[in-house]
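Participant: The sequence and its predicted three-dimensional model are supplied below.
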2 protein chains.
Amino acid sequence: MNETINGVNLGNWLVLEKWMNPALFDGTTADDEYYLPTQLDPAVYEARIRTHRAEYITERDFATIRSWGLNSVRIPVPYFIFGDRAPFVDCVDELDKAFNWAEKYGLSVLIDLHTVPMSQNGFDNGGLSGVVKWAQTPSEVEFALTVLERLAQRYGSRKGLYGIEIVNEPLLEAGWNAMNPMERYKAVDPAMAEGSAPIAADWLKDYYITAYHRIRRHMGDDKAIVFHDGFDIAVWKDFMQDKNEYRNVVLDTHQYLMMAEINGCPQTVEGYDAFVQGTYAPMIEEMSAYFPVIVGEWCLFNSLGCGVDTHGGQSVLNGEEGAAAETLTVDEKRALYRGLADSQLKAWSKGAGHYYWNYKLLTDTVNTPGWIGWDCWDLGRCIAQDWYPVNHK
Amino acid sequence: MNETINGVNLGNWLVLEKWMNPALFDGTTADDEYYLPTQLDPAVYEARIRTHRAEYITERDFATIRSWGLNSVRIPVPYFIFGDRAPFVDCVDELDKAFNWAEKYGLSVLIDLHTVPMSQNGFDNGGLSGVVKWAQTPSEVEFALTVLERLAQRYGSRKGLYGIEIVNEPLLEAGWNAMNPMERYKAVDPAMAEGSAPIAADWLKDYYITAYHRIRRHMGDDKAIVFHDGFDIAVWKDFMQDKNEYRNVVLDTHQYLMMAEINGCPQTVEGYDAFVQGTYAPMIEEMSAYFPVIVGEWCLFNSLGCGVDTHGGQSVLNGEEGAAAETLTVDEKRALYRGLADSQLKAWSKGAGHYYWNYKLLTDTVNTPGWIGWDCWDLGRCIAQDWYPVNHK
């Protein structure tokens, strides 16, 4: 059994998110990684991407993460990591470096296949907004499996490898209904979006089983194979329960307070705490009977800290206005976030660990209107402002 | 009187240094900022520079610096900050943002004019290696003065302004002889380097007096005007001593252990400590009778930590080989650096404060040969590895 995961995501490094990194999208109308290269000269696109990757995460960050007492990083990677999907730029060298840093500084790595062609969720962070057609495209499903195989072959025997997550946030019907991706992330090309649909649970189970077998042969049983719950955790109770056939399988669930808000949680300290303890904690405890459960993404973000109802985590990029000024004092903000950190960490302790989303973001709350309250997505800023408990090592 | 400065430099942000940021120079043979745009397509050059500036220092870093208990940042700026020296890209928007961040997070800013056309020192970090002709070029001296005036006009009444440093590290004869810049930083174009010479102390005094008067009119007496000692601190005893005419003038001296090594300091813990206490501390104490003295650059870097004699801080980029493997254990390294931090901070306490060089560097000690021991130039890594004392706030 692995040690309890106390980790952080390195999101926006190898898979971009515009709201975390607005300058990279300067001078374009692109909202996602798919459209960015369509609006830039190829050499300029490559210059931006390579400079970003060389600067956003470095050896220094691995030393810093270790100094916070964390033991693992989850690294989202794109389907084009191996450079065989023009015009996108490969990034396997960066992942190689990350393994060397992780091993030097005593961190483990969860590789997370965060995007797939034609998208598994239609989110901006899936790489292609408003399109959900990957699961309907057999050649692209096969392509994703070959990426996983190549990752398993390359890193399967690395000391630093904790595991591989076989696709991030595939959207089942429940999540589709709750998050309404086709409205929230408008497709640029309606013809491309045509036919988008939620992924069927039975299909996803088959994919997970196939992916398990295709990569387990390249990885010792000490390496985890991690699958995401598709935002419908109860579906997985009867899944992969033959422990002889399915070894070291970990269930990843993403729990955000903005989803609690969508589900009617009152936007108060007491409301959030009650929801976390009353809904999230028992859910993780219950599912831990079937799998080790990690909360692979979570954070302190909530509407109360923003001073406005974000309607489930929507920003100025989605057309929601942020507050014009802080509505909480520094002390009130600290009390809010410390309380929510304690509450959530207590809930996650029912499972096998957690990864904060995210380590870092470039979003500027001072010089750019609309972003008050969004800095708590950044664990570095949370720690700097004493919003998150840490024992400096 | 200002509070004692406990600060850090934001070097390599608006003024580049290749050794801190190798990826920005990828695919070129440029060693400095002057030659970088000569070898890149203009759009690629701009993409690299703008992406670098948007990522290297952000709001997050100001929060972090404050959380370490520091109270000030020294920001090196280039002579082309206002965008009137093609092909270089302006960066005054970045400095504007930095003031807003500094004021939000309770830090003061020392603006440091780090480069001038034709160079004041011939160092790579002066922007043009192996050329020292600025002081001989009246039109460029005048240009530098207009940059200082524009900075004073723009920021002179900002709450966040600690002061303006009127030129970084102009090289007097003593420093020229000790550092031998024409050998250490070879000029690409010998014709351009022809006629390079150390700056005369009398000339520099005139420049400082002129600069003082040209910017003091735009800045209240609560803002410091900072001048660098040109690596010859004793020259300044009789300078600007009429305190009615010269108000709030601060002397900046840069003290590095690699200079102690050049001056024959033994490469041992005891040797460094003896040099710091026996030479640096009394020097700062003596000069404090004339001016508030800040150590505007210093760090923990030394050859013992590198495991090889660096001959005064020369790297693989200067043709020196680094060690192939660490020569000290983790505990030995910590003891070395903690001891040197304590020793130097004790010496600097004789003066008015200090700025560590540097906040951050991108240099990779794991994946790039030759850089063992160079990570201690990075205050973030020093703190992460418990090499530097800090009371987390």
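Facilitator: Done, it's in. Computed from a predicted structure; not experimentally measured. Numbers count the residues shown, from 1 in each chain, chains lettered A, B, ... in the order given.
Participant: When you work out contacts or count neighbours from here on, use the C-alpha atoms and nothing else.
Facilitator: Will do.
Participant: wait, what's in contact with the residue of the stretch 151-300 of chain A found nearest chain B?
Facilitator: Nearest to chain B in the stretch 151-300 of chain A, going by C-alpha to the nearest C-alpha, is residue A:160, at a distance of 14.5 Å. Residue A:160 makes contacts with A:99, A:102-103, A:106-109, as judged by C-alpha atoms under 8 Å, 6 or more residues apart in numbering or on different chains.
Participant: closest to residue B:342 among those?
Facilitator: The closest of the contacts of residue A:160 to residue B:342 turns out to be residue A:106 (C-alpha to C-alpha; 27.6 Å).
Participant: Count the neighbours of that closest one for me.
Facilitator: 17 (other C-alpha atoms under 10 Å in any protein chain shown).
Participant: For it, give its distance to residue A:69.
Facilitator: For residue A:106, the distance to residue A:69 equals 10 Å [C-alpha to C-alpha, to the nearest Å].
Participant: Which residue, other than its chain neighbours, is closest to residue A:68?
Facilitator: Excluding its sequence neighbours, the residue lying closest to residue A:68 (C-alpha to C-alpha, 6 or more residues apart in numbering or on different chains) is residue A:392, at 5.0 Å.
Participant: wait, doesn't the one you found sit right on residue A:70?
Facilitator: No - using C-alpha atoms under 8 Å, residue A:392 is not in contact with residue A:70; the gap is 9.8 Å.
Participant: picking up where we left off before, and the residue of the stretch 151-300 of chain A closest to chain B, backbone torsions?
Facilitator: Residue A:160 adopts backbone torsions of phi -80, psi -10, taken as degrees, to the nearest 10.
Participant: which residue packs closest to residue A:296, ignoring adjacent ones?
Facilitator: Nearest to residue A:296 is residue A:355, by C-alpha to C-alpha, 6+ apart, at 4.8 Å.
Participant: Might you report the residue contacts of the residue nearest to residue A:68?
Facilitator: Under the criterion of C-alpha under 8 Å, 6+ apart, the neighbours of residue A:392 are A:67-69.
Participant: related to what we said a few turns ago, just put the contacts of residue A:160 in JSON lines and tack on distance to residue A:89, secondary structure and pLDDT.
Facilitator: What follows is the contacts of residue A:160, written out as JSON lines (distance: C-alpha to C-alpha, whole Å; DSSP: H, G, I helix; E, B strand; the rest coil; pLDDT from 0 to 100):
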{"residue": "A:99", "distance to residue A:89": "20", "secondary structure": "helix", "pLDDT": "98"}
{"residue": "A:102", "distance to residue A:89": "23", "secondary structure": "helix", "pLDDT": "98"}
{"residue": "A:103", "distance to residue A:89": "25", "secondary structure": "helix", "pLDDT": "98"}
{"residue": "A:106", "distance to residue A:89": "29", "secondary structure": "coil", "pLDDT": "97"}
{"residue": "A:107", "distance to residue A:89": "26", "secondary structure": "coil", "pLDDT": "98"}
{"residue": "A:108", "distance to residue A:89": "25", "secondary structure": "strand", "pLDDT": "98"}
{"residue": "A:109", "distance to residue A:89": "22", "secondary structure": "strand", "pLDDT": "98"}
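Participant: The helix or strand bottoming out on mean pLDDT in chain A: what's the following helix or strand?
Facilitator: Within chain A, no helix or strand scores below helix A:181-184, which has a mean of 88 by mean pLDDT, DSSP states H and E. Moving toward the C-terminus from helix A:181-184, the next helix or strand (DSSP states H and E) is helix A:190-193.
Participant: For whichever helix or strand comes after that following helix, which outside residues touch it?
Facilitator: The helix or strand immediately downstream of helix A:190-193 is helix A:201-216, counting by DSSP H and E. Identification of contacts with helix A:201-216 by C-alpha under 8 Å, 6+ apart yields A:145, A:148-149, A:152-153, A:166, A:172, A:225, A:227, A:235, A:239-240, A:246.
Participant: mind giving me the domain ranges of chain A?
Facilitator: A:1-254, A:257-393 (automatic domain parsing).
Participant: Relative to residue B:305, which of those is closest?
Facilitator: That would be domain A:1-254 among these, by C-alpha to C-alpha, at 17.6 Å.
Participant: now the closest one, how far from the centre of its chain.
Facilitator: With C-alpha atoms, centre = their mean, to the nearest Å as the basis, domain A:1-254 stands 8 Å off its chain's centre.
Participant: related to what we said a few turns ago, if any of the contacts of residue A:392 are buried, put those into a ChimeraX selection.
Facilitator: Here is the ChimeraX selection string for the buried members of these, based on 16 or more other C-alpha atoms under 10 Å in any protein chain shown:
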select /A:67,68
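Participant: The closest residue to residue A:373 other than its chain neighbours and chain B, how far apart?
Facilitator: Nearest residue to residue A:373, sequence neighbours excluded (C-alpha to C-alpha, 6+ apart): residue A:306, at 4.1 Å. Distance of residue A:306 to chain B, computed by C-alpha to the nearest C-alpha, to the nearest Å: 17 Å.
Participant: do the same with residue A:382
Facilitator: Distance from residue A:382 to chain B, by C-alpha to the nearest C-alpha: 9 Å.
Participant: Next: residue A:67.
Facilitator: Applying C-alpha to the nearest C-alpha, the value for residue A:67 to chain B is 5 Å.
Participant: Could you do residue A:135 as well?
Facilitator: According to C-alpha to the nearest C-alpha, residue A:135 and chain B sit 35 Å apart.
Participant: same deal with residue A:15?
Facilitator: From residue A:15 across to chain B, the span is 15 Å (C-alpha to the nearest C-alpha).
Participant: ok but that residue is inside a helix, no?
Facilitator: No - going by DSSP: H, G, I helix; E, B strand; the rest coil, the assignment for residue A:15 is coil, not a helix.
Participant: Tell me, how many residues neighbour it?
Facilitator: Neighbour count for residue A:15, taken as other C-alpha under 10 Å: 24.
Participant: Tell me the confidence at the closest residue in space to residue A:290 that isn't next to it in sequence?
Facilitator: Nearest residue to residue A:290 in three dimensions, chain neighbours excluded: residue A:237, at 6.3 Å (C-alpha to C-alpha, 6+ apart). On the pLDDT scale, residue A:237 is placed at 96.
Participant: so how many other residues sit close to residue A:237?
Facilitator: 14.
Participant: Pull up the gap between it and residue B:130, please.
Facilitator: For residue A:237 relative to residue B:130 (C-alpha to C-alpha), the value is 69 Å.
Participant: Now the buried members of the contacts of helix A:201-216.
Facilitator: For the contacts of helix A:201-216, a burial check counting by 16+ other C-alpha under 10 Å picks out A:145, A:148-149, A:152-153, A:166, A:172, A:225, A:227, A:240, A:246.
Participant: a markdown table for those residues, including secondary structure, pLDDT and distance to residue A:63?
Facilitator: Conversion of these to a markdown table gives the following (DSSP: H, G, I helix; E, B strand; the rest coil; pLDDT from 0 to 100; distance: C-alpha to C-alpha, whole Å):
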| residue | secondary structure | pLDDT | distance to residue A:63 |
| --- | --- | --- | --- |
| A:145 | helix | 98 | 33 |
| A:148 | helix | 98 | 28 |
| A:149 | helix | 98 | 30 |
| A:152 | helix | 98 | 26 |
| A:153 | helix | 98 | 27 |
| A:166 | coil | 98 | 27 |
| A:172 | strand | 97 | 38 |
| A:225 | strand | 98 | 26 |
| A:227 | strand | 98 | 28 |
| A:240 | coil | 97 | 37 |
| A:246 | coil | 98 | 34 |
